[in-house]
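Engineer: I would like to see how this sequence folds:
(2 chains)
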Number of protein chains: 2
Amino acid sequence: MTRTPAPDDRLEAAKGGCTDWFARPPVTMADELRALASVAGADSTERDLYGDGGPVALLEARVAQELAAEAAVFFPSGVMAQQAALRVWCDRSGSRRVAMPDLSHLLVHEEDGPRVLHGFEVCHLTTGPVTPTAVDVEALPGHVGAVLVELPLRDGGYLLPDLVELQAISATCRYRSIPLHLDGARLWEAAAGLGVPPHEVSALADSTYVSFYKGLGGLAGAAVGASADVAEELRLWRRRLGGTVFTAYPVALAALHGLETMLPRMGELHAYARELAAALPGRGFVVAPQEVRSLAFRVFAPGTPTELRDRAVSVMERDRVALPHQWRAADLPGWVWTEVTVTPHVAARPIEASAELLGRLLG
Amino acid sequence: MTRTPAPDDRLEAAKGGCTDWFARPPVTMADELRALASVAGADSTERDLYGDGGPVALLEARVAQELAAEAAVFFPSGVMAQQAALRVWCDRSGSRRVAMPDLSHLLVHEEDGPRVLHGFEVCHLTTGPVTPTAVDVEALPGHVGAVLVELPLRDGGYLLPDLVELQAISATCRYRSIPLHLDGARLWEAAAGLGVPPHEVSALADSTYVSFYKGLGGLAGAAVGASADVAEELRLWRRRLGGTVFTAYPVALAALHGLETMLPRMGELHAYARELAAALPGRGFVVAPQEVRSLAFRVFAPGTPTELRDRAVSVMERDRVALPHQWRAADLPGWVWTEVTVTPHVAARPIEASAELLGRLLG
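Structural biologist: A predicted model of the protein is given here:
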């Protein structure tokens, strides 16, 4: 008796049969570990120990340099990094009120941790998929402990204010004496989108969180750039939160490698993202945001999530190339969307080849 | 003009010149990464992703099995693991009062994080370098949210109650309906010291924290074994605390390797530790505790910290073997102490050879 494969089984089988991949080819952990062993600095016995020395210290120095910050502090995750940063600012300012977009990662993906652990009182800097403005900062009521701006706002569809808007936000925060913290999970990408080096963005803020495993392609981990005295307090909170680990050298080496190899390519990948986004409407897609200011954007297609998934599986079975198969219903009935991120593997194809690959989902 | 080397420079130079090491030879990160690439399971593309799947799932299953627990939850650090466990118990019991030794890791090494982040109200289960008893549990005043017992109490000099005492503590906690949490940073070692498998110890408690980078020799990381419903809550707190990271596979693979290769050797290493501790008084040392119930103990010597350090450096320069050089003043004036931990490298020597090596510090 032959069992009809469940949709997930069919998807897994189709993925397993692929010989090309839209976003990136799968790599074994063993290969990745061997590659890490060749990263500059790995051929040493000097590990980091509970946050000090070794690759973690090298990474912190490198991040501080890229952000033109006095110091940078490594964290195992962005969740912890941003809690620590906001906590330092709130403790200093004597107010638990933090302003952030209602679509902030802290409110959408963190199980209410920031409020539960630190007693933050959250007010919404913006509502929905919009970029913040200086007027939003001006309108915040009362004594605000910190303002958080996410660059770009991922759950708004990778929305990024332009540099003039960011400067106005920064100036308004300073005028109101509110510390400005940047959620720069994709700061390297955003800086490329704005056409400036990362330190021109971080210079607008009092603290900047950056991530090592998105555009930089590392294993995990994050850092916060700030003044030396804020960095000292960040280390205190890292210890308290259980983030000062025995050693984190694989993560730190991978991050250093990402800064070395991927950071210089951000401009090129951003240019590709803009061109790819411009090519997709000709294939029947709708793209947002209109102006792509990072390496990622949303692609909308007509259909239901199941239809697009089934279509992706059929193409994978037929052409043996892995395509985006996780589609979500859009607000507009009859439309779905997915995220497309430009990786080096994507950018190795001519724009038209990438557009054509995605176009097969509607073909 | 020749500069007289500062003491630390001389120490570093002496260490750098060594060709043997009392505890373990230094290994480069590159070599360690290449070894990790050969661990069973590394030759796969199935990473853990934000705490799910891959080596982290394998590790959790393996730990649950060793502890005979329904489930185990991976954490990046013991600090976070224990905060999460105590928080779950306090939330369930409706009391913020947690009882633990005044020498507990949570009170000595965590920058007051447990209190600051979770509002725990700490009462001391024991004071100073003693093992807890059922009477200590009975004497706790009022409504207690959780009892923490550290096995062995490291900052008390690796003190471990015997199994009968532990059973009485467990029974008293149950009688009083107080959840019992084990700080098992060295549980694998303690179980060997008690002569029972780890699950006979964890069976006495409601939750058990274990570590992967002490006796198991991993990179970092921890886990908590508990019931399935407690494990679910532990995952919630891990997310909130920023411990659910993008991937932790190097740490998880190293931990799996440690469970495979080191756990079976705990009995042998413990027996060696007992014999070495018994051999040292003949060399002019005093050893504590009297009955070594883990892989580590304190060694006391006459002198000052500087004298012992200088003596260690001189021996390292002369014999090119690295010896313990970090000595702390004991309570008793004129005496100092250091910790000795039996690693596989130590245990590869005849007992008398190890004792003789340490004896050179007084020779």
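
Engineer: so what's A:S227 closest to, chain neighbours aside?
Structural biologist: If you skip the residues right next to it in sequence, A:S227 has A:E70 as its closest partner in space, 4.9 Å away by C-beta to C-beta, 6 or more residues apart in numbering or on different chains. Heads up, the C-betas are built off the backbone N, CA and C, glycines and all.

Engineer: Secondary structure element holding A:V346?
Structural biologist: A:V346 belongs to helix A:344-347 when elements are defined using DSSP states H and E.

Engineer: ignore the last one, A:R34
Structural biologist: A:R34 is part of helix A:29-37 when elements are defined by DSSP H and E.

Engineer: Is chain B within reach of whatever helix or strand comes next after that helix?
Structural biologist: Toward the C-terminal end, the helix or strand that comes next after helix A:29-37 (DSSP H and E) is helix A:54-67. Yes - in this structure, helix A:54-67 sits against chain B according to C-beta under 8 Å from any C-beta of the partner chain; the contacting residues are A:G54, A:P55.

Engineer: so how far is helix A:54-67 from its chain's centroid?
Structural biologist: What separates the centre of helix A:54-67 from the centre of its chain is 19 Å, taken as C-alpha atoms, centre = their mean, to the nearest Å.

Engineer: Which neighbouring elements make contact with that helix?
Structural biologist: strand A:71-75, helix A:198-202, strand A:207-211, strand A:222-226, helix A:249-261 (3 or more C-beta pairs under 8 Å, 6 or more residues apart in numbering or on different chains; DSSP states H and E).

Engineer: quick one: average pLDDT of it?
Structural biologist: pLDDT averaged over helix A:54-67 equals 98, rounded to a whole number.

Engineer: any idea what sits nearest A:V286, other than its immediate chain neighbours?
Structural biologist: If the residues on either side of it in the chain are set aside, A:V286 comes closest to A:F300, at 4.0 Å by C-beta to C-beta, 6+ apart.

Engineer: ok, so what distance separates that neighbour from chain B?
Structural biologist: Between A:F300 and chain B the distance, using C-beta to the nearest C-beta, to the nearest Å, works out to 26 Å.

Engineer: Check for me that that residue belongs to a strand.
Structural biologist: Yes - A:F300 forms part of a strand when assessed by DSSP: H, G, I helix; E, B strand; the rest coil.

Engineer: from the stretch 251-363 of chain A, which residue is nearest to chain B?
Structural biologist: Taking C-beta to the nearest C-beta, chain B has its nearest neighbour within the stretch 251-363 of chain A at A:L253, 7.0 Å off.

Engineer: right, and the helices and strands packed on helix A:54-67 - which one's nearest A:A13?
Structural biologist: With distances scored as C-beta to C-beta, the stretch of the helices and strands packed on helix A:54-67 nearest to A:A13 is helix A:249-261 (30.9 Å).

Engineer: which outside residues touch that closest one?
Structural biologist: Among residues not part of helix A:249-261, those counted as contacts by C-beta atoms under 8 Å, 6 or more residues apart in numbering or on different chains are A:33, A:36, A:39-42, A:47-48, A:54-56, A:58-59, A:62-63, A:66, A:74, A:76, A:212-213, A:215-221, B:29, B:33, B:219, B:250-251.

Engineer: coming back round to it: please tell me how far the residue of the stretch 251-363 of chain A closest to chain B sits from B:A277.
Structural biologist: According to C-beta to C-beta, to the nearest Å, A:L253 and B:A277 sit 38 Å apart.

Engineer: ok, these two, which is more surrounded?
Structural biologist: Counting neighbours by other C-beta atoms under 10 Å in any protein chain shown for A:L253 and for B:A277 shows that A:L253 has the greater number, 29 against 24.

Engineer: ok, back up a step: selection in ChimeraX covering whichever of the contacts of helix A:249-261 are buried, please.
Structural biologist: Selecting only the buried entries of the contacts of helix A:249-261 in ChimeraX, with 16 or more other C-beta atoms under 10 Å in any protein chain shown as the criterion:
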select /A:33,36,39,41,42,47,48,54,55,56,58,59,62,63,66,74,76,212,213,215,216,217,218,219,220,221 /B:29,33,219,250,251
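
Engineer: just to revisit the earlier point, how about the helix holding A:R34 against chain B, any contact?
Structural biologist: Yes - using C-beta under 8 Å from any C-beta as the criterion, contacts between helix A:29-37 and chain B involve A:M29, A:A30, A:D31, A:L33, A:R34, A:L36, A:A37.

Engineer: was I right about the first one contacting B:V39?
Structural biologist: No - applying C-beta atoms under 8 Å, one finds A:M29 not in contact with B:V39, separated by 9.0 Å.

Engineer: near chain B, which residues of the stretch 51-200 of chain A?
Structural biologist: Taking C-beta under 8 Å from any C-beta as the criterion, the neighbours of chain B within the stretch 51-200 of chain A are A:54-55, A:75-81, A:83, A:110-113, A:116-118.

Engineer: From those, which land in helices?
Structural biologist: Among these, the members falling in helices are A:G54, A:P55, A:G78, A:V79, A:M80, A:A81, A:Q83, A:G113, A:V116, A:L117, A:H118 (criterion: DSSP state H).
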